[in-house]
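J.: Pasting the sequence and the predicted model now:
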Amino acid sequence: MKIAWPHMGSLEVVLTSLFDEMEVDYILPPPSSQRTLEIGAKHSPEFACVPLKTTVGNLIEAIEKGADTLIMVAGKGPCRFGFYAETQRRVLEEAGYQFRMFPLEFHWDKLFELVKTINYLKQGRSWARFVRAVRFALHKAYLVDQLEQQALHQRWQDKQEGATSAALKKAYQLIRESSSFEELDRARREAFQLLYEVPKDEGREPIYIGIVGEFYLVLDPFFNLGTEEQLGRLGAYVERAVYLTDWLRPSGKNPVGGVPDRVIEEAARPYLSHTVGGEGIKSVGHAVLFKKEGFDGVVHLLPFTCMPETIAKGILPMVSKDLDIPILSLVIDEQTGKAGVATRLEAFADLARFRRKKVNHRGMLPAFRTHLA
Ligand code: SF4
């Protein structure tokens, strides 16, 4: 049995750790590429949201490398994500691929099926070992998020373009190689040190940009065409609305970003008072909060045909007007080119910089989320 799953940002660091700890075989799909998008789009329904097409492409490439057991989180919605596993299964079967698909549904009424599935996937390893492996993998996820957050906050100061991203890559490697809590602790110190030691240009003034939007798009740099890195290069201190930990451990506490769901929903209430699936309500709430915290602009990332984010996109112009904060919605699909996104981000960064000088208090730092202060 060779297990595979689709890519989603740094999820791979977490799941490879889980299966390595369990000594269960897996196959990583090749990094997402233009080919991934093309084969995914070729086999998927035309109006499926783009993350579905990309993940279908990942799964096909994993099967081509020898995977025969596919895992995918599933649920009841409320957006299409809940039906991805079933759609992927049908799409791949119709395309003639041989595999077994195991949807992982984290609902009380599906607990029995979930336990049965995990029991099969863990290949006779003990439950105690499985629980230990999950705990360890979640610790890695939290550390990855903290490192990514540090990179988002410091990239604008890079003396040499790409230095923070290169340090982050090395940091991932340190985390990957850790196989005990002691090693992970050491890796944490060394990884942060790598980031802190990146030579900085102390003379610059940053702009402050928040990123909101659909979680897959926000978390996956291939899919969002490197928006975070591009903003960093343009001199932006960046904060994200969503981190991998929010998705893996949906406690509603937002431990990395530092703003609990109830605060976000409260902030969104004047514009949107009920959930619309996905991150729709959070995109609106975070945009409001970013303004309150003194950010200069918000970039909203949404996949083409994404229902919840299309609703948020309809509301955000009102937030922008009421609160006087520029918001750029970027709709991304398999046809979107990096150059087009780069041009729009450049113009947006110029606008944010102009406003920082003229409208916001020059030099004033945003009121950062309490745990970051
Ligand atoms: S949030 Fe949007 S893009 Fe993501 S699965 Fe749901 S509908 Fe699709």
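T.: Received, thanks. Residues are numbered from 1 along each chain as shown.
J.: Which elements pack onto the helix or strand harbouring residue 281?
T.: Applying DSSP states H and E as the criterion places residue 281 in helix 280-292. When contacts are defined as 3 or more Cβ pairs under 8 Å, 6 or more residues apart in numbering; DSSP states H and E, helix 280-292 sits against strand 207-213, helix 261-268, strand 297-303, helix 307-323. For the C-beta atoms, the positions are set from N, CA and C on the backbone; glycine is no exception.
J.: ok, the lowest-mean-pLDDT helix or strand in the chain near the ligand or not?
T.: One helix or strand of the chain scores below all others by mean pLDDT, DSSP states H and E: helix 244-248, with a mean of 87. No. Helix 244-248 stays clear of the ligand (Cβ under 6 Å from any ligand atom), getting no nearer than 11.3 Å.
J.: The strand or helix carrying residue 148 vs strand 207-213, what angle?
T.: Element membership for residue 148, per DSSP H and E: helix 127-154. Taking axes from the mean of the first three to the mean of the last three Cα atoms, to 10 degrees, helix 127-154 and strand 207-213 form an angle of 140 degrees between their directions.
J.: and after helix 127-154, which helix or strand comes next?
T.: Taking DSSP H and E, what comes next after helix 127-154 is helix 163-177.
J.: if I pick the residue of the stretch 151-300 of the chain found nearest the ligand, what's in contact with it?
T.: The ligand sits closest to residue 278 of the stretch 151-300 of the chain, with a gap of 2.9 Å, by Cβ to the nearest ligand atom. Contact analysis of residue 278 by Cβ atoms under 8 Å, 6 or more residues apart in numbering lists 78-79, 81, 214-215, 306-309.
J.: CSV please, covering these and showing pLDDT and distance to the ligand.
T.: Converted to CSV, the contacts of residue 278 look like this (pLDDT from 0 to 100; distance: Cβ to the nearest ligand atom, whole Å):
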residue, pLDDT, distance to the ligand
78, 67, 9
79, 81, 3
81, 84, 3
214, 94, 5
215, 91, 7
306, 92, 3
307, 91, 5
308, 93, 5
309, 95, 6
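J.: In TSV: these, plus distance to residue 170 and neighbour count.
T.: Shown next, in TSV, are the contacts of residue 278 (distance: Cβ to Cβ, whole Å; neighbours: other Cβ atoms under 10 Å):
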residue	distance to residue 170	neighbour count
78	40	14
79	36	20
81	32	22
214	29	29
215	26	22
306	34	29
307	39	18
308	36	24
309	33	29
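J.: Give me the neighbour count for residue 310.
T.: Neighbourhood size, residue 310 [other Cβ atoms under 10 Å]: 17.
J.: what's the spacing between the residue nearest the centre of the chain and residue 346?
T.: Central residue of the chain (Cα atoms, centre = their mean): residue 219, 1.7 Å from the mean position. Remark: distance between residue 219 and residue 346 (Cβ to Cβ, to the nearest Å) = 23 Å.
J.: who's in contact with the spatially closest residue to residue 200 that is not a sequence neighbour?
T.: Using Cβ to Cβ, 6 or more residues apart in numbering and skipping residues adjacent in sequence, the residue nearest residue 200 is residue 157, 4.1 Å away. By Cβ under 8 Å, 6+ apart, residue 157 lies in contact with 198, 200-202, 204, 206.
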